[in-house]
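> My questions concern the predicted model and sequence given below.
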Amino acid sequence: MADVPSCLFLNVCYPAFVADLYRRDPRLAGRSATEQQAAIEATGFGDADFYSHHLQAQGWAAANVLVNAAPVLAAWTRENGGAAAGLDPVVAQVRAARPDVLYLQDLSLASDGFVAAVRPYVRLIAGQIASPLPAVNLRHFDVLFSSFPHFVARFRAAGIAAHYQPLAFDARVLARLAPAPRDIALSFVGGISPAHGRGLPFLEHLARHTPIEFWGYGAQTLAPESPIRARHRGEAWGQDMFGLLARSRITVNRHIDVAENHANNMRLFEATGCGALLVTDYRDNLAELFEIGREVVAYRSAEECAELVGHYRAHPDQAAAIAGAGQARTLREHSYAANMAETAAILRQHLRRLDAAPAPAPVGVSTGYRPLPDGAVDPALVDAWRSPEIPPRQWALVSSQLAAMYRGDPTLEFTVLRQALAPFVRRGQSLLEVGCSSGYYSEVLQYLLARRLAYTGVDYSAAMIEMARERYPQAGFEVADGAALPFADASFDTVVSGCVLLHTPDWEAQLAEAARVTRDLIVLHRTPVSRLAPTRRFSKFAYGVATVELRFNENELVAKMLRHGAVLAAALAYRSDPAADAFEVSYVFRRQR
């Protein structure tokens, strides 16, 4: 991978927006391609330069092609001597740029012919979708992003690497808005037509029972008797749309049918980002994005929406407080700056796999078990985990496991940790992994949990941490002993002991430290236990290096955690051999304070 990776975004614009812009400025079509594109992006319409600008801030070379802005394409073709060999102007620009990543904002662009034409000039084809699926071969994509959780699950089931990423807001929009009073009591800004399915009767109910005003496209398709017509104020694109939201005290949102029961659309973040009180339809995952009742307001029916609007119009101080909290949440967590930092890390990971030399055959992870007499442990067996021989041998195994995960076949260990964390961990929380080795769980958890976490990893081995920092520069890593963590009390929401407790004779001190630095959750992942025998110690070979392993008595382990103020919340046994009194379990404890 190049020191400065590159990405070319293929963006689309609504034809009505493009036509309106060039109608307003007839001289625009005569300007250079660069000037025309800059003028379009300056409106803030659609994706504008939100993706490319913030990817550039992550150290990438990034640019945009507006694939359906015919005047821009015509100007580019003129300036570059005509489309070479009769190439489509979009294909010609891809060939000229030769980016590491070609990122399609509209999956319908990926026809068989188009992909065949551009594939020789790019290394990775990515795509983003938050709309109905087009009839294209999705296997043309190396990686997909979607704000629809159900689409992500569907893509992964088909063996395609897919990342969940909610949409976002660009704070630069606020700096471009002229100061204006919030003089619109109640607004709806968006598509208005029978094509929006169940949304139209909802909007017509609001038109009959509230003082709502409408802006958006599609009004000409409404029935003559529709009550929306008398309240419709025209179309609004880009900065004009943001200006309306910034003038709105309350704005109503509703999702299109393809979103199913998931909160997804752009208006969630545009409205809150502009400081309006967002009244939106309840969705199963809305509480993961905003705190309902404190940052946004949610309704379950048209009647409830009208009642909520009436309440907050009568209580403007409450409305303003919720709007302010919603705006703060969006600017803090739902920004394009944060999204593209995440995207940059993801794309680098996928590019790195393309660059990787074939991994050597994995060395046995754990072999040659022998009981240690009287439980005595030679300190050399503990120090063996610092061996510089282990990291490359472990990565040989991990790289194949990550590849399988992206094909839709995660390992049992990956799946169990996701199951352990999913009921408890929320988006944006902090997580410390003790015994992080090469840091690969920072990648695994982001992918399988589909939640952005603030991840920190520590390991006893300097060689492991060196590899982790090189592979995952976006995360934080430190060389540290789990029995003496360099963090203040209650520094993290969650602590994961990542298959390290079994390799440390000072395991009780490790439990105490995990309990000390967590605010809530402690997960003892991949823990070998017996239910009858006492805690025992063994020597073994780990990746060919002689070391130690403990097999715990389960009752003793749980009792020790209770002494440190943590109670058992879940136990996921994923390997069991009752005849041998041998089990492998991932435990979830909740810290009681």
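Okay, I see it.
> Least confident secondary structure element in the protein?
Every helix and strand in the chain was compared by mean pLDDT, DSSP states H and E; the lowest is helix 379-383, with a mean of 77.
> okay, now Gln327: neighbour count?
Gln327 has 21 neighbouring residues, counting by other C-beta atoms under 10 Å. Placement of C-beta: from N, CA and C, glycine included.
> tell me which element it falls in.
helix 316-333 (DSSP states H and E).
> What residues sit buried inside stretch 347-358?
Buried residues in stretch 347-358, counted by 16 or more other C-beta atoms under 10 Å: 347-351, 353.
> one step back: what residues sit buried inside the least confident helix or strand of the chain?
381-382.
> I'd like the next helix or strand past that helix.
Toward the C-terminus, helix 379-383 is succeeded by helix 390-406 as the next helix or strand (DSSP H and E).
> Show me which positions of that next one end up buried.
In helix 390-406, counting by 16+ other C-beta under 10 Å, buried: 390-391, 393-399, 401-402, 405-406.
> on contacts alone, who are the packing partners of the helix holding Gln327?
Applying 3 or more C-beta pairs under 8 Å, 6 or more residues apart in numbering; DSSP states H and E, one finds that helix 316-333 makes contact with strand 248-253, helix 266-273, strand 277-281, helix 302-314.
> Dump it to PDB, restricted to CA.
Provided in PDB are the C-alpha atoms of helix 316-333 (Å, rounded to 0.1, in the frame of the first residue of the first chain):
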ATOM      1  CA  PRO A 316     -40.600  25.800  24.100                       C
ATOM      2  CA  ASP A 317     -38.000  25.600  26.900                       C
ATOM      3  CA  GLN A 318     -38.300  21.800  26.900                       C
ATOM      4  CA  ALA A 319     -38.100  21.700  23.100                       C
ATOM      5  CA  ALA A 320     -35.000  23.900  23.100                       C
ATOM      6  CA  ALA A 321     -33.200  21.800  25.700                       C
ATOM      7  CA  ILE A 322     -33.800  18.500  23.800                       C
ATOM      8  CA  ALA A 323     -32.800  20.200  20.500                       C
ATOM      9  CA  GLY A 324     -29.500  21.400  22.100                       C
ATOM     10  CA  ALA A 325     -28.700  18.000  23.500                       C
ATOM     11  CA  GLY A 326     -29.400  16.400  20.100                       C
ATOM     12  CA  GLN A 327     -27.200  18.800  18.300                       C
ATOM     13  CA  ALA A 328     -24.300  18.200  20.800                       C
ATOM     14  CA  ARG A 329     -24.700  14.400  20.400                       C
ATOM     15  CA  THR A 330     -24.600  14.700  16.600                       C
ATOM     16  CA  LEU A 331     -21.500  17.100  16.600                       C
ATOM     17  CA  ARG A 332     -19.800  14.800  19.000                       C
ATOM     18  CA  GLU A 333     -20.500  11.300  17.600                       C
END
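> Grab the longest helix from this structure for me.
helix 336-355 (DSSP state H).
> How about residues contacting that one?
1, 5, 7, 50-51, 53-55, 57-60, 100-101, 123-124, 126, 142-143, 145, 161, 163, 165-166, 168-171, 399, 402-403, 443, 446, 452, 471-474 (C-beta atoms under 8 Å, 6 or more residues apart in numbering).
> Now, of these, which are buried?
The buried subset of those - by 16+ other C-beta under 10 Å - is 5, 7, 50-51, 53-55, 58, 60, 100-101, 123-124, 126, 142-143, 145, 161, 163, 165-166, 168-170, 399, 402, 443, 446, 452, 471-472.
> Can you give the domain ranges for this structure?
6-164, 172-333, 357-591 (automatic domain parsing).
> could you dump the ones you listed to a markdown table with distance to Asn339?
Formatted as a markdown table, the domains of the chain follow (distance: least, C-beta to C-beta, whole Å):
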| stretch | distance to Asn339 |
| --- | --- |
| domain 6-164 | 7 |
| domain 172-333 | 10 |
| domain 357-591 | 9 |
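> Helices - which of the buried ones among the contacts of helix 336-355 land there?
Within these, residues falling in helices by DSSP H are 50-51, 53-55, 399, 402, 443, 446, 471.
> Where do the strands of the stretch 151-300 of the chain begin and end?
Counting by DSSP state E, counting those that start in this stretch, the stretch 151-300 of the chain has strands at residues 162-164, 184-189, 213-215, 248-253, 277-281, 297-299.
> wait, which of those is closest to His232?
The closest of those to His232 is strand 213-215. By C-beta to C-beta, the value is 4.8 Å.
> Name the residues of that closest one that are buried.
Neighbour-count burial for strand 213-215 [16+ other C-beta under 10 Å]: 213-215.
> before we move on, what about stretch 474-489?
475-478, 480-483, 485, 487.
> just for the stretch 251-400 of the chain, where's the confidence low?
357-364, 375 (pLDDT under 70).
> hang on, Leu568 in a strand?
Yes - per DSSP: H, G, I helix; E, B strand; the rest coil, Leu568 lies within a strand segment.
> burial measure for it, as a count.
13.
> how far does stretch 148-160 sit from the chain's center?
14 Å (C-alpha atoms, centre = their mean, to the nearest Å).
> circling back to that earlier point, how about the buried residues of stretch 474-489 in TSV, adding distance to His209, pLDDT and secondary structure?
As requested, these are exported to TSV (distance: C-beta to C-beta, whole Å; pLDDT from 0 to 100; DSSP: H, G, I helix; E, B strand; the rest coil):
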residue	distance to His209	pLDDT	secondary structure
Ala475	50	94	coil
Gly476	52	96	strand
Phe477	56	98	strand
Glu478	58	97	strand
Ala480	60	96	coil
Asp481	64	93	coil
Gly482	60	94	coil
Ala483	64	94	coil
Leu485	58	97	coil
Phe487	54	98	coil
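> For Ala75, the count of nearby residues, please.
22.
> typo on my end, Leu245
24.
> Could you do Thr415 as well?
Count around Thr415 with other C-beta under 10 Å applied: 16.
> do Leu412 as well
For Leu412, using other C-beta under 10 Å, the count is 11.
> Surely Ile522 touches Gln592?
No - at 11.1 Å, Ile522 does not count as touching Gln592 under the criterion of C-beta atoms under 8 Å.
> anything in contact with each of these two?
Ala566.
> what about these two, which has more around it?
More crowded of Ile522 and Gln592, by other C-beta under 10 Å: Ile522, with 24 against 11.
> Sketch out the low-pLDDT regions of the stretch 1-150 of the chain for me.
Looking at the stretch 1-150 of the chain by pLDDT under 70, you get 1-2, 82-86.
> Could you pull out the helices in it for me?
Assigned by DSSP state H, counting those that start in this stretch, the stretch 1-150 of the chain shows helices spanning 15-24, 33-42, 50-56, 70-79, 89-97, 112-118, 149-157.
> Just want the angle from the fifth one to helix 70-79.
Note on geometry: by axes from the mean of the first three to the mean of the last three C-alpha atoms, to 10 degrees, helix 89-97 and helix 70-79 are set 50 degrees apart in direction.
> sorry, back to before: following the chain past the longest helix of the chain, name the next helix or strand.
From helix 336-355, the next helix or strand downstream (DSSP H and E) is strand 366-371.
> Only C-alpha atoms, please: export that following strand in PDB.
Taking Å, rounded to 0.1, in the frame of the first residue of the first chain, the C-alpha atoms of strand 366-371 are listed here in PDB:
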ATOM      1  CA  SER A 366      -1.400 -25.100  22.200                       C
ATOM      2  CA  THR A 367       0.200 -28.500  22.200                       C
ATOM      3  CA  GLY A 368       2.200 -30.800  24.500                       C
ATOM      4  CA  TYR A 369       0.300 -30.400  27.800                       C
ATOM      5  CA  ARG A 370       2.000 -31.700  30.900                       C
ATOM      6  CA  PRO A 371       0.900 -31.200  34.500                       C
END
